[in-house]
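Visitor: following is a predicted model, sequence given first.
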Amino acid sequence: MKMTYTLTAPCHFGLEAVLKREITNLGYEIKAVDNGKVSFLGDAEAIARANLWLRTAERVLLEIGRFRATSYEELFQGTLALPFGDFLPKDGKFWVTKATSVDSKLFSPSDIQSVMKKAMVRSMERYYGAVPFLENGESFPFRVNIQKDMVTVLLDTSGISLHKRGYRTETARAPITETLAAALLLLTPWHADRILADPFCGSGTFLIEAAMMASNMAPGMNREFLSQTWEHLIPKKVWYRSFDEAQELLIPHPETDLQGFDIDGSVIRRAKINAEQAGVSELIHFQERDVSQFSHAKKYGFIVTNPPYGARLMGESGEEAGIAALYSTLGERFRALQDWSLYLITAFPDAEKCIGRKADKNRKIYNGMMKTYFYQFLGKKPPKREKRREKQGE
């Protein structure tokens, strides 16, 4: 009999709808959407497939239980009542790796972690008998979220955060995370048959994530996950089947046009190394070039970029005028293109003014703790795509 779990996938604040769509496309039922996370129902195979395929999630967490606690005694008793023995082997190494509290009476992370660890040990003693636990087996890190006095206990099935695909060993200054880059791309109407360029490509993250999408490459297929060692919960055959599925769905040589530029030649070299390690180097053209030289003869392309902004440059030069000039140049080059669309994420407050046009759409997104905006300047749709839509509507 297959066990159905409640699984929770955290994501960047403001991108819950993108993650929800990803989970639905995988075939799983959404249970709840909250700030910075989406919960859904799934079995052991769902844990494997979600870790492999979700491009915008930070982790896949398995919910152990929920209860209300306004005192440490209630926290202890509530934790003690949870069925940890159903999830942990006798020699499992377990701990509370992170505790967060919002609008709750219990707020000290270290105290929450300490009390819960004691209760977890007591729960395991009841399940396996009062024996000393060496905890020399596989690792089982737990995360605890307390919101308005409601405690949710979650088991981390991913281990290393899912934004670490394994390809980005070479980083440039202030890189955008892989999960955020993927989410922003999914917010655009870009498809593999359209031109995509990044004139401030840095580590190449936007372009590498786009190449993986064009190849239908599962973002986690070249890395490992902590729960691969939990054979009592997820049999090895489930992982083999999930990785085989990812391999079968891979598109080896997709037709796509991806171009990355940066003024710094050393940055371009690092981006090329990252693309090679991701297995998509033949799909991306990288070149050392200043944004003032950016041009393209074809129509209907996309610029998706993470240009420099104040928080990234002020520490070096303190010249906000230089940032404004950079955005003005980007705006000039964008206007010179025929029917292109421009998407950029930035914390620079005068971005629209310097680009020379009000954005058609503007989305607030938290990049870590920094509030940024995803400005969307929309170009015309290709005639073929418009005709296709008209035929579909007939």
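Guide: Thanks, I have it.

Visitor: quick one: mean pLDDT over stretch 155-175.
Guide: Mean pLDDT, computed over stretch 155-175, is 87.

Visitor: what about that stretch, how long is it end to end?
Guide: This stretch, stretch 155-175, spans 29 Å end to end (Cα to Cα, to the nearest Å).

Visitor: what residues sit buried inside it?
Guide: Using 16 or more other Cβ atoms under 10 Å as the test for burial, stretch 155-175 gives 155-159, 162-163, 165, 167-168, 170, 172, 175. Glycine gets a C-beta too; all of them are placed from N, C-alpha and C.

Visitor: next: stretch 329-341.
Guide: For stretch 329-341, by 16+ other Cβ under 10 Å, it's 329-331, 333-334, 337, 340-341.

Visitor: just stretch 368-379 next, same as before
Guide: 372-377, 379.

Visitor: which among the buried residues of stretch 329-341 gets closest to Arg126?
Guide: Set against Arg126, the nearest of the buried residues of stretch 329-341 by Cβ to Cβ is Ser341 (59.6 Å).

Visitor: residues near the nearest residue to Ala246 once chain neighbours are set aside, how many?
Guide: Closest residue to Ala246 apart from its sequence neighbours, by Cβ to Cβ, 6 or more residues apart in numbering: Ala218 at 3.9 Å. For Ala218, the neighbour count with other Cβ atoms under 10 Å is 22.

Visitor: got it, and the one 4 residues further on?
Guide: When neighbours are counted by other Cβ under 10 Å, Asn222 registers 15.

Visitor: please name the residues that touch the closest residue to it other than its chain neighbours.
Guide: The shortest distance from Asn222 to any non-neighbouring residue, by Cβ to Cβ, 6+ apart, is to Gly166 (4.9 Å). Going by Cβ atoms under 8 Å, 6 or more residues apart in numbering, Gly166 touches 222-223, 277.

Visitor: how near is the residue nearest in space to the middle of the chain to Phe13?
Guide: Nearest to the geometric centre of the chain sits Thr179, at 2.5 Å (Cα atoms, centre = their mean). For Thr179, the distance to Phe13 (Cβ to Cβ, to the nearest Å) stands at 12 Å.

Visitor: residues in contact with the nearest residue to Phe225 once chain neighbours are set aside?
Guide: Once flanking residues are discounted, Phe225 sits nearest to Asn51: 4.8 Å by Cβ to Cβ, 6+ apart. By Cβ under 8 Å, 6+ apart, the contact set of Asn51 is 60, 157-158, 162, 220, 225, 227.

Visitor: make it 7 Å
Guide: 60, 157-158, 162, 220, 225 (Cβ atoms under 7 Å, 6 or more residues apart in numbering).

Visitor: in CSV, list those residues along with secondary structure and distance to Gly260.
Guide: Output for these, formatted as CSV (DSSP: H, G, I helix; E, B strand; the rest coil; distance: Cβ to Cβ, whole Å):
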residue, secondary structure, distance to Gly260
Val60, coil, 30
Thr157, coil, 33
Ser158, coil, 28
Leu162, coil, 23
Gly220, coil, 23
Phe225, coil, 29
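
Visitor: from these, pick the one nearest Lys31.
Guide: Lowest distance from Lys31 to those (Cβ to Cβ) belongs to Val60, with 13.7 Å.

Visitor: re the thing from before, max pairwise distance over the contacts of Asn51: which two?
Guide: Counting by Cβ to Cβ, the most remote pair of the contacts of Asn51 is Thr157 and Gly220, 11.6 Å apart.

Visitor: circling back: can you tell me which of the contacts of Gly166 are in strands?
Guide: If you go by DSSP state E, these have nothing in strands.

Visitor: ok, these vs Tyr366, which is closest?
Guide: So of the contacts of Gly166, ranked by how close each gets to Tyr366 (Cβ to Cβ), first place is Arg223, at 25.0 Å.

Visitor: quick one: the helices in the stretch 251-394 of the chain?
Guide: 265-278, 310-313, 320-335, 351-355, 383-393 (DSSP state H, counting those that start in this stretch).

Visitor: look at Trp190 and tell me its secondary structure.
Guide: Using DSSP: H, G, I helix; E, B strand; the rest coil, the structure places Trp190 in coil.

Visitor: how near is it to Ala57?
Guide: Using Cβ to Cβ, Trp190 is found at 20 Å from Ala57.

Visitor: domains in this structure, by residue range?
Guide: What automatic domain parsing lists as the domains of the chain is 5-156, 178-217+226-389.

Visitor: and stretch 83-103, end to end?
Guide: 27 Å.

Visitor: check which residues of that stretch are buried.
Guide: The neighbour-count check on stretch 83-103 (16+ other Cβ under 10 Å) flags 84, 87-89, 92, 94, 96, 99, 101 as buried.

Visitor: still on that earlier bit, how about a markdown table for the helices of the stretch 251-394 of the chain, with mean pLDDT and distance to Phe133 added?
Guide: Formatted as a markdown table, these follow (pLDDT from 0 to 100; distance: least, Cβ to Cβ, whole Å):
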| stretch | mean pLDDT | distance to Phe133 |
| --- | --- | --- |
| helix 265-278 | 96 | 40 |
| helix 310-313 | 52 | 46 |
| helix 320-335 | 94 | 55 |
| helix 351-355 | 96 | 55 |
| helix 383-393 | 53 | 60 |
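
Visitor: no further questions, thank you.
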